[in-house]
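Asks: just to be clear, the model below is a prediction. Sequence and coordinates:
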Amino acid sequence: MTTDTLTAVRTPAQDHLHTASALRFITCGSVDDGKSTLIGRLLVDSKSVLQDQLAGVQRSGETDLALLTDGLSAEREQGITIDVAYRYFATETRKFIIGDAPGHEQYTRNMVTAASSADAAVVLVDATKLDWQNPQLALLPQTRRHSLLAHLLRVHSLVFAVNKLDAVADPALAFANIRNALAAFAQAAGITVAATIPVSALKGWNVVTAHPDWAGYQGPSLLQLLETLPTTPADAGQPLAFSVQWVEKFSASADTHQGRRIFWGRVGTGDVAPGTAVQILPSGQRASVAQVLDHTRKPIARGAGQSAGIVLDREVDVSRGDWIIAAPAAAAANAADDDFDTPAEQPAWPATREITATIAWMDNEPLLAGRVYWALHGRRWIKAKVRKVLNRLDINTLERQDAEQLEPNAIGRVEISLQEAIPAAAFVRSRELGSLILVDTASNSTAAAVLVESSQQSRS
């Protein structure tokens, strides 16, 4: 059969699958809420698991769906999820990348890692752990914590999946009360919820195939909903910001009409094309873009979220971790100014050494003001000091409380001083420029995820 014939017999569904963007989503929530079982059910019922894989997860003649994602020996022995497990599958209309995040509080850092690159989060809620007969029932702390973290990390779509309703006496009453509690919590926290769906991961109800009228629910199944969710929009329509990840040298070339190095990385914001005027941070040098290359080294224009190689019009000292950003724009002259005043330039992304940020503290030791950490911003490592803890978020009441330290897995607001100025921006404006991680200088373990709220422009 020829290529033309193959193209001719391709179905519309296959065409959509060929061009649609894959949806990256995570499952999260409290421990033993059924996250791994839910993913196993998605894989099995969507026919994405081979027979030999199913044979390997048999226990006493029954299929243990959770073992399809619990890959570490410690996870299989303890029956818990420790690290994030990624699985891939596709339906007729879309491709999916799933991250199974651990529910234990001590592994919150792994959940944050998975959520930071997710388009959607499915927060599982175990109906059997709640006082489902009570209209004023209280949600589990980890349900609240993971929902808040997903919201803070700008996960585009959040879905609540109420699991194990098949194990309660009145599924409709339980679902109604739990759904109302989730809606009240989301409204108070400012979280937009895409949907709340009753599911039974064990039996497969409303996971891949809709189970009409069960628990008083008439909507789509979880998979049907996931097939319609949007991917996270790129930070386009803003000035260029490009973090250099790797420098490729070909200085032996005799061609000197432009720079002889390729700076590889990913476009964080805006877009880049030949002729774009840029500035290098932290050096402040100016240049213009001579070429933009794709992974095959073919010239192409690139936008936010896409990887690229940039060649400048002249030799400029650029190293891994440096930022290539849009050149400053000249400020409009004030009519009252005389001809001798030169308007100050307006930097596209002002550099700063002082930031106020929301922080998710993940170290085993409390955060105390005055400690120095390594901070990673883009690909650049710098020293950072937590100058002050402003407050801590009570995940139960959603109130900001005065605090002098942050306990493990707490969420709070802090002031941070940096050793060098960086082009930090509010996280709500740019994921790439508005996020950092703090790393303990002694243990090299990740201590915190930092989301910039505001910054003070450096005068240096």
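Replies: The structure has been received and is ready for your questions.
Asks: past the helix or strand hosting Cys28, which element shows up next along the chain?
Replies: Per DSSP states H and E, Cys28 falls inside strand 23-29. Using DSSP H and E, the next helix or strand after strand 23-29 towards the C-terminus is helix 35-45.
Asks: only C-alpha atoms, please: export that following helix in CSV.
Replies: Extracted in CSV, the C-alpha atoms of helix 35-45 (Å, rounded to 0.1, in the frame of the first residue of the first chain):
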residue,chain,number,x,y,z
LYS,A,35,-5.1,7.6,42.4
SER,A,36,-3.0,4.7,41.1
THR,A,37,-6.1,2.5,40.7
LEU,A,38,-7.8,5.3,38.7
ILE,A,39,-4.8,5.5,36.3
GLY,A,40,-4.7,1.7,36.0
ARG,A,41,-8.4,1.8,35.2
LEU,A,42,-7.9,4.5,32.5
LEU,A,43,-5.1,2.4,31.0
VAL,A,44,-7.0,-0.9,31.0
ASP,A,45,-10.3,0.4,29.8
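Asks: can you offset everything so residue one is 24?
Replies: Okay, residue one is now 24; in that scheme the one you just asked about reads as helix 58-68.
Asks: helices or strands up against that helix?
Replies: If you count contacts as 3 or more Cβ pairs under 8 Å, 6 or more residues apart in numbering; DSSP states H and E, helix 58-68 packs onto strand 46-52, strand 108-113, strand 118-123, strand 143-149, helix 245-249. Where you see a C-beta, it was placed from the backbone N, CA and C, and this is true even at glycine.
Asks: how about 6 Å then?
Replies: Here helix 58-68 touches strand 118-123, going by 3 or more Cβ pairs under 6 Å, 6 or more residues apart in numbering; DSSP states H and E.
Asks: need the CA coordinates for the strand it packs on. PDB is fine.
Replies: Extracted in PDB, the C-alpha atoms of strand 118-123 (Å, rounded to 0.1, in the frame of the first residue of the first chain):
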ATOM      1  CA  LYS A 118      -2.900  11.700  23.400                       C
ATOM      2  CA  PHE A 119      -2.300  11.800  27.200                       C
ATOM      3  CA  ILE A 120       0.600  12.000  29.600                       C
ATOM      4  CA  ILE A 121      -0.400  11.100  33.100                       C
ATOM      5  CA  GLY A 122       1.600  11.800  36.300                       C
ATOM      6  CA  ASP A 123       0.600   9.800  39.400                       C
END
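Asks: mind listing what the most centrally placed residue in the chain touches?
Replies: Residue closest to the average C-alpha location in the chain (Cα atoms, centre = their mean): Ser139, at 2.0 Å. For Ser139, the contact set (Cβ atoms under 6 Å, 6 or more residues apart in numbering) comprises Leu176.
Asks: now do the one 4 residues further on
Replies: Residues counted as contacts of Ala143 (Cβ under 6 Å, 6+ apart) are Phe48, Ser180, Leu252.
Asks: specify the beta-bridge partners of it.
Replies: Phe48, Ser180 (DSSP bridges).
Asks: so for it, what's the pLDDT?
Replies: Ala143 is assigned a predicted lDDT (pLDDT) of 97.
Asks: how close does it sit to Ala383?
Replies: Note on Ala143: its distance to Ala383, by Cβ to Cβ, to the nearest Å, is 19 Å.
Asks: now do Arg110
Replies: 25 Å.
Asks: so for those two, which residue has more residues nearby?
Replies: When Arg110 and Ala383 are compared for neighbours, Ala383 comes out ahead with 25 against 18, by other Cβ atoms under 10 Å.
Asks: is it true that Ala108 touches Pro125?
Replies: No. Applying Cβ atoms under 6 Å, one finds Ala108 not in contact with Pro125, separated by 9.2 Å.
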